[in-house]
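Novice: what's the 3D shape of this:
(chains A and B)
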Amino acid sequence: MRPVPFSGSWGTASSVSFQLANESLQKDPPSVDESLSKKEARARQQELVRERVGAIAEAIADKLRCRPEFDRVEAVNGYINLYFPTQKLANEVVFGAIGQGDDFGRGPKQADRVMIEFSQPNTHKEFHVGHSRNAALGNALANITEFAGFETVRANYIGDIGMHVIRCLWCYDAFHQHEEVPKDKRGRWLGDIYAESVRRLDLQEGVVKLLNELSTQDAQFVSAIDKMMKELFEAGVPGEDIAYLLGQIANQRPVVADQILDGETIPKFWPLIGEQLLFELEYIREHGPQEAPPPTSRTATVKGPLPVVTVENTQERYERWQRLGRNIEWWPHVPQWREEVRETFQKWERKDPEFVKLWDETREWSMQEFHRIYDELGITFDVWFYESEVEEEGREIVKELLERGIAEISEGLPVVKIDEKLGLEKETYRTLPILRSDGTTLYSTKDLELTRRKFQDYEIDRSVWVIDVRQSLYFQQIFKIMELWGFEQAEKCFHLGYEIVTLPEGTMSSRAGNAVFYEDVAAALKQRAREIIDEKSPNTSLTEEQKNTIAHDVGVGSLLYSMINRDNHRVITFSLEEALSFDGHAAPYIQYAHARACRILDRVDKLPEGEVIFEDLQSQEIDLIEQIAAFPTEVEKSAFEHKPLVIATYVFELAQKFNDFYADFEKRPILTAPEPQRSMRIALVAATGRTLANGLGLLGVAAPEVM
RNA sequence: GCGCCCGUAGCUCAGUGGAUAGAGCGCUUGCCUCCGGAGUAAGAGGUCACAGGUUCGAAUCCUGUCGGGCGUACCA
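Specialist: Model prediction:
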């Protein structure tokens, strides 16, 4: 059964006649020409079904016509359409919505207690728009799950320790500890230091990667290597390094940072690389993309012909050269820095009081920002987990896994060879490291304990992790390891993956330092919303404070909605320009419909009570009632399928239908209509307003009464 | 290599077995002496990536191909 697919009608449709027609043909097959091909036979079958289906539908419709539940029954194209009596059902729906208020759409109490973990920001990094997708999605999912009848525990899991924190604090200690710490936005200040630590510590990696790319994919570069090396030699670079670089690059063999003996070799080489790339760029612009012959050396690692060198890829490499070049003088220091980071990690391991104090203080700077952001987003949590609090117990689990032979030491560190333990031939879950070789904990170490703790300390029946899709394999591994460990609730663990938020120019990450920060986006959205209020709001009596509150609701709501209103499996390419457009399919459209409904009701002395006359309804009125009636089942669907998108789509369609209903003043006046239409339409407006508010509430989007 | 995801209107996306595949943006042409125009009416725009298969019936399920993204042992 499904809704009748005609606008302006309210009912349910059945395609059962098709099945019946088909079955009757199977039981009682007409004489078939054996010579027919399979395809022809099927076409014949289709014809026969078509012939019979009409009569079957008509016969069933006939029997149903006398039933009082339906206003009208018809058989069309083989479908049986059952139309509801609007008077009775419309009153139930509309006054149900008005009477139940905040509870309209709430599902019956469910047995399971569910934990939903979401948001998981890392301290010492800035909260960016990617994080807001997770927060928006998780918050909506938790709201919807709760509303659908499940007791819901909302959990956050703060990444307050791990390699990123250690790197940040190393960088702080080494280069920033005497600087004045800013008064506000200290979380961002830390985030900048973290990004700097990555630039420092990963410099050699980036340089080597670019060099190896050039030697294997840019034949022009390779052919210029003799010339460049000659110049390097003249610049005083030791012969061993010249020989090494020449040998590796000319033969397309990978360069390894440790093999370069003199710390000044690469900084001296760098300007020559840039010159060469610039030369190549000019050459390609003039002569077009360059194809290269395959390498001549027998020891080359590249076998086929080298890829075509284009303006685009050379330009990209040149830009990378520029970025790395800004700090190329760091090159000789990198090994020592990396050693210092390892020592810093050991300070954490032995709980060095001075270090722990610094950690605690800086962590708090980030936490303050997170709390402010959650306040602004209107998101709350019941439970706060911290990575720093599950480390030790996680280590205990690792120890037990090793003792029981589930884990083993491989290549110097504890891992679980999951496929082997499960006896799987095909590579499925692969191998997961569960502790570093130096004894420090990994993300996995902590997640094992977190999973145990969730079930044992919070008495939940089911646990959902809202985390991006790149960690899908990882979570399957964690859950399987828990299963191997004998943790029965492992089968009650679900990873709800969602695709990441990227930028038009590519992936966004705190590591790369190209992230678009939440704070900046939120500020821009609020400002834009405020401008529109000043420009368009007819309500001139609003105070500054009211206007700012509305600007906040609209700006933030708009961001939240855009993050929910897209399937989880789809990548969102974030563009501020698009985010700032409040027209069309966006939160403000829905909020506006709600505000409009509120303003109409403001002009009404007394809401109709009990029952009103729903007769001779226009199609826009019927469509609106039908949409309101669907709310409870949409809530259920959204919760059971873990898809907040269902509600996001629903509220938009409700707003659309309300606008359709409202639009034609000539045909459907509300306040100036004669009775009984006036009461009926007012009740409809009230029910719509209520449903819009409830639906937006589930998404975590505010529903202002004035805009 | 193996695994997961995506491919629907110019663009961004809804639509997981049923009737004529929808919306927003953009484009063209209308609608405020009237309950709020952040709105609304109409028009143009589709081989639902491609090829097979299952089915009375496929954008939807299965298989394969192509194109793109992601993951795949000491990041989280």
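
Novice: name the residues of the helix or strand hosting A:Leu448 that are buried.
Specialist: Assigned by DSSP states H and E, A:Leu448 falls within helix A:443-458. Judged by neighbour count using 16 or more other C-beta atoms under 10 Å, the buried positions of helix A:443-458 are A:443-455. From N, CA and C alone the C-beta is placed, and that goes for glycine too.

Novice: before we move on, what about stretch A:157-164?
Specialist: Applying 16+ other C-beta under 10 Å to stretch A:157-164 flags A:Tyr157, A:Ile158, A:Gly159, A:Asp160, A:Ile161, A:Gly162, A:His164 as buried.

Novice: make a markdown table from the buried residues of helix A:443-458 and add pLDDT and distance to A:Gly697 to it.
Specialist: What follows is the buried residues of helix A:443-458, written out as a markdown table (pLDDT from 0 to 100; distance: C-beta to C-beta, whole Å):
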| residue | pLDDT | distance to A:Gly697 |
| --- | --- | --- |
| A:Tyr443 | 95 | 34 |
| A:Ser444 | 97 | 37 |
| A:Thr445 | 97 | 39 |
| A:Lys446 | 97 | 34 |
| A:Asp447 | 97 | 32 |
| A:Leu448 | 97 | 36 |
| A:Glu449 | 97 | 35 |
| A:Leu450 | 97 | 30 |
| A:Thr451 | 97 | 31 |
| A:Arg452 | 97 | 34 |
| A:Arg453 | 97 | 31 |
| A:Lys454 | 97 | 27 |
| A:Phe455 | 97 | 30 |
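
Novice: can you count the residues close to the residue in chain A that RNA strand B sits nearest to?
Specialist: Closest residue of chain A to RNA strand B, C-beta to the nearest atom of the strand: A:Gly584 (2.1 Å). Number of residues near A:Gly584 (other C-beta atoms under 10 Å) recorded here: 8.

Novice: that one in helix, strand or coil?
Specialist: Judged by DSSP: H, G, I helix; E, B strand; the rest coil, the three-state class of A:Gly584 is coil.

Novice: pull out the CA atoms of stretch A:496-516 and give them to me as CSV.
Specialist: Below are the C-alpha coordinates for stretch A:496-516, written out as CSV (Å, rounded to 0.1, in the frame of the first residue of the first chain):
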residue,chain,number,x,y,z
LEU,A,496,27.2,4.9,10.8
GLY,A,497,29.5,6.3,8.2
TYR,A,498,29.1,9.5,6.2
GLU,A,499,31.1,11.0,3.5
ILE,A,500,33.5,13.8,4.1
VAL,A,501,33.2,17.6,3.4
THR,A,502,35.7,18.7,0.8
LEU,A,503,36.6,22.0,-0.7
PRO,A,504,36.4,22.9,-4.4
GLU,A,505,40.2,22.7,-4.5
GLY,A,506,40.3,19.3,-2.7
THR,A,507,40.3,17.6,0.6
MET,A,508,40.3,19.7,3.7
SER,A,509,42.4,18.8,6.8
SER,A,510,43.8,20.3,9.9
ARG,A,511,47.1,18.6,9.0
ALA,A,512,47.3,20.3,5.6
GLY,A,513,46.2,23.5,7.3
ASN,A,514,43.7,24.3,4.6
ALA,A,515,40.5,23.8,6.7
VAL,A,516,37.6,26.2,6.6
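
Novice: for it, which residues meet the burial criterion?
Specialist: Buried, per 16+ other C-beta under 10 Å, within stretch A:496-516: A:496-499, A:501, A:503, A:508-511, A:513, A:515-516.

Novice: same deal with stretch A:383-395?
Specialist: For stretch A:383-395, by 16+ other C-beta under 10 Å, it's A:Phe385, A:Tyr386, A:Glu387, A:Ser388, A:Glu389, A:Val390, A:Glu391, A:Glu393, A:Gly394, A:Arg395.

Novice: the second one contacts A:Ala155, correct?
Specialist: Pointing back at A:Tyr386 there. No: with contacts counted by C-beta atoms under 8 Å, A:Tyr386 stays clear of A:Ala155, the gap being 11.3 Å.

Novice: residues of the stretch 51-200 of chain A that sit close to RNA strand B?
Specialist: By C-beta under 7 Å from any atom of the strand, the residues of the stretch 51-200 of chain A that approach RNA strand B are A:Val76, A:Asn77, A:Tyr79, A:Asn81, A:Asn122, A:Gly159, A:Gly162, A:Met163, A:His164.

Novice: list the contacts of the nearest residue to A:Arg596 once chain neighbours are set aside.
Specialist: Computed as C-beta to C-beta, 6 or more residues apart in numbering, the closest residue to A:Arg596 that is not its neighbour in sequence is A:Tyr662, at 6.9 Å. Counting by C-beta atoms under 8 Å, 6 or more residues apart in numbering, A:Tyr662 makes contact with A:Arg596, A:Arg668, A:Ile670.

Novice: does the closest residue in space to A:Val635 that isn't next to it in sequence count as helix, strand or coil?
Specialist: Once flanking residues are discounted, A:Val635 sits nearest to A:Gly105: 4.8 Å by C-beta to C-beta, 6+ apart. Under three-state DSSP, A:Gly105 falls in the coil class.

Novice: which single helix of chain A contains the most residues?
Specialist: Counting by DSSP state H, the longest helix found in chain A is helix A:38-64.

Novice: what packs against that helix?
Specialist: Applying 3 or more C-beta pairs under 8 Å, 6 or more residues apart in numbering; DSSP states H and E, one finds that helix A:38-64 contacts helix A:16-27, strand A:72-76, strand A:79-83.

Novice: highest average neighbour count across the ones you listed?
Specialist: For these, average neighbour numbers computed from mean count of other C-beta atoms under 10 Å are highest in strand A:79-83, which has a mean of 20.

Novice: partner strands of it, with direction?
Specialist: Strand pairing for strand A:79-83, using DSSP bridges, gives strand A:11-14 (antiparallel), strand A:72-76 (antiparallel).

Novice: A:Pro335 is nearest to which of these?
Specialist: strand A:11-14 (72.0 Å; C-beta to C-beta).

Novice: alright, I will stop here.
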